[in-house]
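*Asks:* take a look and give me a structure for this.
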Amino acid sequence: MSSEKHIMKRKKVPFLSFVLLGILIMGCVFAPFFCKDASYMDLMNCSRAPGREFFFGTDTMGRDLFSCIWHGGRVSLTIGFLSAAISAVIAVLYGTASALSPAWLDRLLMRLVEVLLSVPSLLLVLFVQAVFGKNIIGMSAAIGLCGWFSMAKIVRTQAKTVKESGFVTASQCMGGGFFHVLYWHLAPNFLPSILFMIIMSVRTAIAEESTLSFLGLGLPIETISWGSMLALAQNAFVMRAWWMILIPGLFLILLFLCLTEIGSWCQERMNHKKRQM
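*Replies:* The predicted structure is shown next:
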């Protein structure tokens with residue numbers, strides 16, 4: 001009885017995470033309507049502490065951090081969601097193709113994934129980014145193309161289990177093509193297993209962009225993102241300008257916590273529905 005109560009307690013909807021994530025997304029989407037131009041450099045007010053005129057203070061170039069947070073969030077969230085979509089599509093197609101392939105090809109495809117997993121992800125992202133260029137689309141494509149390996153292995157395992165069911169074989173015998181089998185029979189079964197990974201890939205993509213920007217290897221300095229804001233604040237504590245690194249860092253942490261909580265809830269909810277079927 002106590003275990004059932006514990007399960008029901010864990011299944012409560014994380015309203016606070018949904019509300020906070022909604023505020024972050026809406027604030028970034030409608031930033032041009034309530035924020036100043038984030039690229040404007042007020043050289044008379046460089047490194048100003050938070051106050052009435054500048055709610056979050058200014059950076060070393062005199063840019064209003066309040067405007068930079070919301071405009072930069074648009075870039076970070078775009079990279080996060082776009083790269084997650086790219087990773088999810090590739091993982092589903094690759095993992096399903098591997099599961100439905102002959103044994104020798106299945107082993108070959110999985111060995112390739114294991115080789116790619118052995119390479120540091122940031123190194124792969126830098127290599128791919130050199131092809132696509134240092135821009136938002138290029139960064140999203142680079143992170144998306146380098147973030148699907150683990151997800152593909154899970155898709156392959158789940159699809160291989162479902163493949164042994166009679167209804168998949170029957171569908172193939174009746175002329176069902178690859179995408180028909182994937183959409184109607186395979187995806188509904190492995191979606192709960194990868195939903196958490198899809199949501200977490202948004203967090204991972206934003207973290208990788210922030211890391212690369214902090215190291216000076218990410219987006220150009222004129223492109224404002226939460227990562228580039230942290231990169232420009234490397235000497236913030238030396239200058240006693242704590243707000244330059246604290247405020248972007250808090251927004252990143254808040255976003256990561258919301259995504260983690262929502263991802264865990266979605267996975268638990270879908271797994272619970274699957275057990276009831």
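*Asks:* may I see the buried residues of the strand or helix carrying Ala97?
*Replies:* According to DSSP states H and E, Ala97 maps onto helix 65-100. Counting neighbours by 16 or more other Cβ atoms under 10 Å, one finds that the buried residues in helix 65-100 are 65-84, 86-88, 90-100. Heads up, the C-betas are built off the backbone N, CA and C, glycines and all.
*Asks:* cool, stretch 156-164 as well?
*Replies:* Arg156, Gln158, Ala159, Lys160, Val162, Lys163.
*Asks:* mind giving me the packing neighbours of the helix or strand hosting the second one?
*Replies:* To tie it back to what came earlier, the one meant is Gln158. Per DSSP H and E, Gln158 falls inside helix 149-163. Contacts defined by 3 or more Cβ pairs under 8 Å, 6 or more residues apart in numbering; DSSP states H and E place helix 149-163 against helix 65-100, helix 103-117, helix 187-214.
*Asks:* what does that helix contact?
*Replies:* Identification of contacts with helix 149-163 by Cβ atoms under 8 Å, 6 or more residues apart in numbering yields 87-88, 90-92, 94-96, 98-100, 106, 110, 113, 116-117, 168, 185-186, 189-190, 193-194, 197-198, 201.
*Asks:* ok, the spatially most central residue of the chain - contacts?
*Replies:* Nearest residue to the geometric centre of the chain (Cα atoms, centre = their mean): Val202, 0.9 Å. Val202 makes contact with Gly80, Phe81, Ser83, Ala84, Leu259 under the criterion Cβ under 8 Å, 6+ apart.
*Asks:* same check, this time on Ser101
*Replies:* With Cβ under 8 Å, 6+ apart, Ser101 has these contacts: Leu109.
*Asks:* and it, backbone torsions?
*Replies:* When read as degrees, to the nearest 10, the backbone of Ser101 gives phi -80, psi 160.
*Asks:* do the same with Thr223
*Replies:* Per-residue torsions, Thr223: phi -90, psi 110 (degrees, to the nearest 10).
*Asks:* count the neighbours of it for me.
*Replies:* 17 (other Cβ atoms under 10 Å).
*Asks:* what's the closest non-adjacent residue to it?
*Replies:* Among residues not flanking Thr223 along the chain, Val75 sits closest, at 6.4 Å (Cβ to Cβ, 6 or more residues apart in numbering).
*Asks:* isn't Phe214 right up against Leu232?
*Replies:* No - judged on Cβ atoms under 8 Å, Phe214 makes no contact with Leu232 at a distance of 9.5 Å.
*Asks:* more neighbours, those two?
*Replies:* Leu232 (20 against 17).
*Asks:* excluding its backbone neighbours, what's nearest the more buried one?
*Replies:* Asp59 (5.9 Å).
*Asks:* ok so, going back, doesn't Ser225 make contact with the residue nearest to Thr223?
*Replies:* Yes - Val75 is within contact range of Ser225, at 4.1 Å (criterion: Cβ under 8 Å).
*Asks:* list the residues that contact both of the two?
*Replies:* Common neighbours of Val75 and Ser225 (Cβ under 8 Å, 6+ apart) are Leu219.
*Asks:* is it true that Ile199 touches Cys266?
*Replies:* Yes - Ile199 lies in contact with Cys266 (Cβ under 8 Å); the separation is 6.6 Å.
*Asks:* of those two, which one has the most company?
*Replies:* Set Ile199 next to Cys266 and count neighbours by other Cβ under 10 Å: Ile199 wins out with 21 against 16.
*Asks:* quick check: mean pLDDT of the helix or strand hosting Leu259?
*Replies:* Assigned by DSSP H and E, Leu259 belongs to helix 243-276. Mean per-residue pLDDT for helix 243-276: 82.
*Asks:* for Ile137, see how far away the residue nearest to Thr223 is.
*Replies:* 11 Å (Cβ to Cβ, to the nearest Å).
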